[in-house]
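S.K.: model the structure of this input:
(chains A and B)
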Amino acid sequence: MLQIPCPWCGPRDEVEFRYGGQAHVAYPEDPAALSDDDWGAFLFFRDNPKGPWRERWVHVAGCRRWFNAVRDTATHRLITTYRLDEPPPELP
Amino acid sequence: MAERYWRAAAPKASYEVVIVGAGGHGLATAYYLARNHGITDVCVVEKGWLGGGNMARNTTIIRSNYLWDESAAIYEHALRLWEGLEAELDADLQFSQRGVMNLAHGLQEVRAGVRRVEANRLNGIDAEWLTPEQVHERCPIIDTSPRLRYPVLGATFQPRGGVARHDKVAWAYATRASELGVDIVEHCEVRGFVRGPGGRVEGVETTRGRILAGRVGLVAAGHTSVLASLVGLRLPLQSHPLQALVSVLYEPVLDTVVMSNAIHVYVSQADKGELVMGAGIDAYNGYAQRGSFHVIEHQLAAAVELFPIFAHAKVLRTWAGIVDVCPDASPIIGPTPIDGLFLNCGWGTGGFKATPGSGWVFAETLATGRPHPLAAAFGLDRFTSGALIDEHGAAAVAH
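M.R.: Now for the predicted structure:
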């Protein structure tokens, strides 16, 4: 089981959290202007790297707040977590 | 020295077709390229050992009871090939049509199950609806009493479904493909692609050198996105660990395959006696071929709830494979926007059952450059057109 450091509650077991997939995927600024290709890309296409990436978690059984994490998908090692109002850290 | 099943080939400088990934789907593709299309100038490259990825890690369930016409057609095509496969490959695959039961534990599941049975029948697929009494008759060790928090309210049943010995399937396809002239190169990792005019893919750069190819097919399951990213191709795939486990050996107690979406486990008993179980994917993206223990705990709790006698069973081994999950729980088979590069991926949690059918249709794509009619609906373009093939229901427990 992962141990995830919630930015507000500190390190807690993975079962207290739900996963939110890739972080920093912004809703399109002008949805009506999007082509079918753009909509498809926004709805269905996400990065899927083997290595460090930024992802979202929500502490459902704790403070119930969303936050972001940098985690290495090759090793599952959690590198860091950060609040939504903090700038995304550089990937190692 | 022991007789080898397939030749250990060294890669030549160039081939008509290079297939990346010597799992079940890749090997089946190579076999049908040779058998159906007479194309034997084929190389299957594999970064690890043959059949050592998800082919060695799945729970071997075979069925074709999918909801939509497109899925029913391709999975039923696969099942019909399974039914003749031992003769076709002249190999004992321990293929056993012991039936697959999908339990329903709520009114919505009953409705969806009955609908799927009717849809299957309209597509010529064997399907029955079982009452709780019939479930008990068919599999008495399932607790069909009202004691359960989510009691068994019925089940879909596909009598022609079953299991096969996964490793033997990979070995048989490899052996026959090799006999027909296909080169199989293990421990040969693709690190890049050879690009020609207009960005056309004209080969692969591997840890054993450059291999040129007329066409390249990616059949790398959970690692397909990693390969595609080497040519800047983004795919609607997320890679997750999917865990399974076996118990120690027991006397035969279970002679069918039982799946339960709501209580969340699927189980069969191997010929040797292990109970083989799986459940859902780990939620997070991951490539490490292991998952979190609470997922195992959850599926064992489900198994014990449904099969009280399993409370005595001991877990022998747990493991994970890396599955490439599509937003609609259906595969991607066909051309890509990059000339010369073709995909057979996105089988997610349920690829094993499709092995022969997947190889059959993808071989035609690699032979002709066009999708096989059974695969046409499974193109990458459906994520732009919106014509998704939503099989989250039939894909069952794992999603």
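
S.K.: the closest residue to B:Glu202 other than its chain neighbours and B:Gln134: what is the separation?
M.R.: In space, and not counting its chain neighbours, B:Glu202 is closest to B:Gly196: 4.1 Å by C-beta to C-beta, 6 or more residues apart in numbering or on different chains. From N, CA and C alone the C-beta is placed, and that goes for glycine too. Note on B:Gly196: its distance to B:Gln134, by C-beta to C-beta, to the nearest Å, is 60 Å.

S.K.: neighbour count for those two, which is higher?
M.R.: Neighbour count, other C-beta atoms under 10 Å in any protein chain shown: between B:Gly196 and B:Gln134, B:Gln134 has more, with 16 against 13.

S.K.: where's the more buried one relative to chain A, distance?
M.R.: Distance of B:Gln134 to chain A, computed by C-beta to the nearest C-beta, to the nearest Å: 37 Å.

S.K.: quick one: name the residues of chain A near chain B.
M.R.: Within reach of chain B by C-beta under 8 Å from any C-beta of the partner chain, chain A has these residues: A:1-2, A:14-15, A:18-19, A:21, A:36-37, A:39-41, A:43-50, A:53, A:55, A:71, A:73-76.

S.K.: just the buried subset of those residues, written out for PyMOL, thanks.
M.R.: A single PyMOL command selects the buried members of the residues of chain A next to chain B (16 or more other C-beta atoms under 10 Å in any protein chain shown):
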select buried, chain A and resi 2+14+15+19+40+41+44+45+46+47+48+49+50+53+55+71+73+76
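
S.K.: and chain B, what are its domains?
M.R.: Here the domain assignment for chain B is B:14-59+B:166-236+B:327-395, B:97-160+B:238-325, based on automatic domain parsing.

S.K.: winner for burial among those domains?
M.R.: domain B:14-59+B:166-236+B:327-395 (a mean of 22; mean count of other C-beta atoms under 10 Å in any protein chain shown).

S.K.: once you drop chain neighbours, what's closest to B:Asp255?
M.R.: B:Arg98 (5.7 Å).

S.K.: my read: the one you found touches B:Gln158, true?
M.R.: No. Counting by C-beta atoms under 8 Å, B:Gln158 is not a contact partner of B:Arg98; they are 10.6 Å apart.

S.K.: who's in contact with A:Ile79?
M.R.: Neighbour list for A:Ile79: A:Pro52, A:Ala69, A:Val70, A:Arg71, A:Asp72, A:Pro92 [criterion: C-beta atoms under 8 Å, 6 or more residues apart in numbering or on different chains].

S.K.: let's see it at 6 Å
M.R.: Listed by C-beta atoms under 6 Å, 6 or more residues apart in numbering or on different chains, the contact set of A:Ile79 reads A:Val70.

S.K.: A strand includes it, no?
M.R.: Yes. Counting by DSSP: H, G, I helix; E, B strand; the rest coil, A:Ile79 is found in a strand.

S.K.: gap between it and A:Lys50?
M.R.: 15 Å.

S.K.: chain A versus the residue nearest to B:Asp255, what's the distance?
M.R.: 35 Å.

S.K.: break down chain A into its strands, ranges please.
M.R.: Along chain A, counting by DSSP state E, strands occupy A:3-6, A:10-13, A:18-22, A:52-58, A:66-72, A:78-82.

S.K.: what sits against B:Gly393?
M.R.: B:Leu67, B:Ala112.

S.K.: tell me the phi and psi of it?
M.R.: phi -70, psi -50 (degrees, to the nearest 10).

S.K.: B:Glu128 touches B:Gln158, doesn't it?
M.R.: No. Taking contacts as C-beta atoms under 6 Å, B:Glu128 lies outside contact range of B:Gln158: 7.8 Å.

S.K.: so where does B:Asp83 fall, helix or strand?
M.R.: No Asp there; residue B:83 is Glu. Per DSSP states H and E: B:Glu83 is located in helix B:69-89.

S.K.: show me what from the stretch 151-300 of chain B comes close to chain A.
M.R.: Applying C-beta under 6 Å from any C-beta of the partner chain, we find that the stretch 151-300 of chain B lies next to chain A at B:225-226, B:234, B:236-239, B:283-288, B:292-294.

S.K.: now for those: which two are most distant?
M.R.: B:Arg234 and B:Phe293 (32.6 Å; C-beta to C-beta).

S.K.: need the pLDDT of B:Ala395.
M.R.: On the pLDDT scale, B:Ala395 is placed at 69.

S.K.: wait, the residue nearest to B:Asp255 sits on B:Thr256?
M.R.: Yes. Assessed by C-beta under 6 Å, B:Arg98 is found in contact with B:Thr256 at 5.0 Å.

S.K.: which parts of the stretch 101-250 of chain B are helices?
M.R.: Secondary structure of the stretch 101-250 of chain B by DSSP state H, counting those that start in this stretch: the helices cover B:107-122, B:132-138, B:166-179, B:224-229.

S.K.: in JSON lines: these, plus distance to B:Gly23 and mean pLDDT.
M.R.: JSON lines is the format used below for the helices of the stretch 101-250 of chain B (distance: least, C-beta to C-beta, whole Å; pLDDT from 0 to 100):
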{"stretch": "helix B:107-122", "distance to B:Gly23": "28", "mean pLDDT": "96"}
{"stretch": "helix B:132-138", "distance to B:Gly23": "33", "mean pLDDT": "98"}
{"stretch": "helix B:166-179", "distance to B:Gly23": "7", "mean pLDDT": "98"}
{"stretch": "helix B:224-229", "distance to B:Gly23": "11", "mean pLDDT": "98"}
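
S.K.: wait, A:Val70 touches A:Tyr82, no?
M.R.: No. Using C-beta under 6 Å, A:Val70 makes no contact with A:Tyr82, being 7.8 Å away.

S.K.: more neighbours, the two?
M.R.: A:Val70 (20 against 16).

S.K.: run through the bridge partners of the more buried one.
M.R.: Taking DSSP bridges, one finds A:Arg54, A:Thr80 as the beta-bridge partners of A:Val70.

S.K.: give the contact list for it.
M.R.: Contacts for A:Val70 (C-beta under 6 Å, 6+ apart) come out as A:Pro52, A:Arg54, A:Ile79, A:Thr80, A:Pro89.

S.K.: shouldn't the first one be in contact with A:Asp72?
M.R.: The reference is to A:Pro52. Yes. Here A:Pro52 reaches A:Asp72: they are 4.8 Å apart, a contact under C-beta under 6 Å.

S.K.: anything in stretch B:46-64 near chain A?
M.R.: No. Counting by C-beta under 6 Å from any C-beta, chain A has no neighbours in stretch B:46-64; the shortest distance is 12.3 Å.

S.K.: what does that stretch rub up against?
M.R.: B:22-24, B:75-76, B:79, B:82, B:100, B:125, B:158, B:161-164, B:166-167, B:170, B:174, B:186, B:189, B:221, B:244, B:257, B:276, B:278, B:319, B:321, B:352-353.

S.K.: so which of those residues are in strands?
M.R.: Using DSSP E, those in strands are B:Val100, B:Gln158, B:Gly162, B:Val163, B:Ala244, B:Val257, B:Val276, B:Gly278, B:Trp319, B:Gly321.
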